[in-house]
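K.L.:
Whatever this is, show me its structure:
(2 chains)
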Amino acid sequence: GDSVTQMEGPVTLSEEAFLTINCTYTATGYPSLFWYVQYPGEGLQLLLKATKADDKGSNKGFEATYRKETTSFHLEKGSVQVSDSAVYFCALSDFYKLSFGAGTTVTVRA
Amino acid sequence: KAGVTQTPRYLIKTRGQQVTLSCSPISGHRSVSWYQQTPGQGLQFLFEYFSETQRNKGNFPGRFSGRQFSNSRSEMNVSTLELGDSALYLCASSLGTGENTEAFFGQGTRLTVV
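P.N.:
Predicted coordinates for the structure are as follows:
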C-alpha cells in the first residue's frame, strides 16, 4: 500500500539556521501530500499541503514542493525560531485516510 | 468556529475493561477519522466514517470499533483492553468530499491501561 518515509530525528538547530526535513512517498496513484506539526501535549495541526505535481505549499515561512519525478515532498524553512520546536509529520491521503511518516523531532536552541 | 472536540482528554482503565471515546467534528464536516498514536508504531489509521457509513478501516483487531451518529459526532470503542492499547487517540474531521480535503485534528484522548 501507500507509504511515507521521513527523515527521523532528532534534529537540533540554532535559531536562524536553515531547516530541511526529507520526505519520500510510495503511492500507486497521485495522492495529496501534507506536512503536519505537533506541539507537546497537542493534536496535529496542518502546516501546508500540495494536491498535485509541482505544487508548492507554504505557510509560516515553511515550504515544500510536490516532486513526482523523485516522489518527494521535503520541508524547508530558511530561518527557524525557538517556537518552531515541535514534531513534524509528512503524510499522504489515500482513500479517505492519511498515511504518516514516523515524525521528526526538531529542537531549536536560542 | 469551534474546532474538533474530543472527550475525555485523559482516561485510566484496567486491563479487560472497555472504553468509549467521543469526538465532535467541526460544524458542517461529515467525515470523522480516528488514529492511534504510540511511540513505537507512530500514527496509525483506525477507521473513517462519512454520513454514518464506514468507508475505510485500518488493520486493527475487532476489539476496536466505531460509529457515527446522524449529527456527525463519532465514538470509538475498545473492548477487553490490553496494556498495548495505551496510546493517544486522535480524531480528525473534514468535509469528506474528494481526496484533498483538509483534516482537522482534535487534541486527543490519552488512554492509559494499567
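
K.L.:
And the one residue sitting closest to the centre of chain B, how far from B:Ile12?
P.N.:
Central residue of chain B (Cα atoms, centre = their mean): B:Trp34, 3.1 Å from the mean position. According to Cβ to Cβ, to the nearest Å, B:Trp34 and B:Ile12 sit 20 Å apart. (Glycine included, C-beta is placed from N, CA and C.)

K.L.:
same question, B:Thr20
P.N.:
For B:Thr20, the distance to B:Ile12 - Cβ to Cβ - is 14 Å.

K.L.:
same question, A:Ala64
P.N.:
39 Å.

K.L.:
Just confirm the residue nearest to the centre of chain B is within a strand.
P.N.:
Yes: with DSSP: H, G, I helix; E, B strand; the rest coil as the criterion, B:Trp34 is located in a strand.

K.L.:
pretty sure it contacts B:Ala87?
P.N.:
No: between B:Trp34 and B:Ala87 there is no contact, the gap being 11.1 Å when judged by Cβ atoms under 8 Å.

K.L.:
all strands of the chain, in order?
P.N.:
Let's take chain A. Here chain A has its strands, by DSSP state E, at A:3-6, A:11-14, A:19-21, A:23-26, A:33-38, A:44-50, A:56-59, A:62-65, A:75-77, A:86-94, A:97-100, A:104-109.

K.L.:
my question was about chain B
P.N.:
Taking DSSP E as the criterion, chain B carries its strands at B:5-7, B:10-13, B:19-24, B:31-38, B:42-50, B:53-57, B:64-68, B:74-78, B:87-94, B:104-105, B:109-113.

K.L.:
will you turn those into JSON lines that also has distance to A:Leu19 and mean pLDDT?
P.N.:
Formatted as JSON lines, the strands of chain B follow (distance: least, Cβ to Cβ, whole Å; pLDDT from 0 to 100):
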{"stretch": "strand B:5-7", "distance to A:Leu19": "30", "mean pLDDT": "97"}
{"stretch": "strand B:10-13", "distance to A:Leu19": "32", "mean pLDDT": "98"}
{"stretch": "strand B:19-24", "distance to A:Leu19": "32", "mean pLDDT": "98"}
{"stretch": "strand B:31-38", "distance to A:Leu19": "23", "mean pLDDT": "97"}
{"stretch": "strand B:42-50", "distance to A:Leu19": "21", "mean pLDDT": "95"}
{"stretch": "strand B:53-57", "distance to A:Leu19": "33", "mean pLDDT": "95"}
{"stretch": "strand B:64-68", "distance to A:Leu19": "36", "mean pLDDT": "97"}
{"stretch": "strand B:74-78", "distance to A:Leu19": "35", "mean pLDDT": "98"}
{"stretch": "strand B:87-94", "distance to A:Leu19": "25", "mean pLDDT": "96"}
{"stretch": "strand B:104-105", "distance to A:Leu19": "22", "mean pLDDT": "94"}
{"stretch": "strand B:109-113", "distance to A:Leu19": "29", "mean pLDDT": "98"}
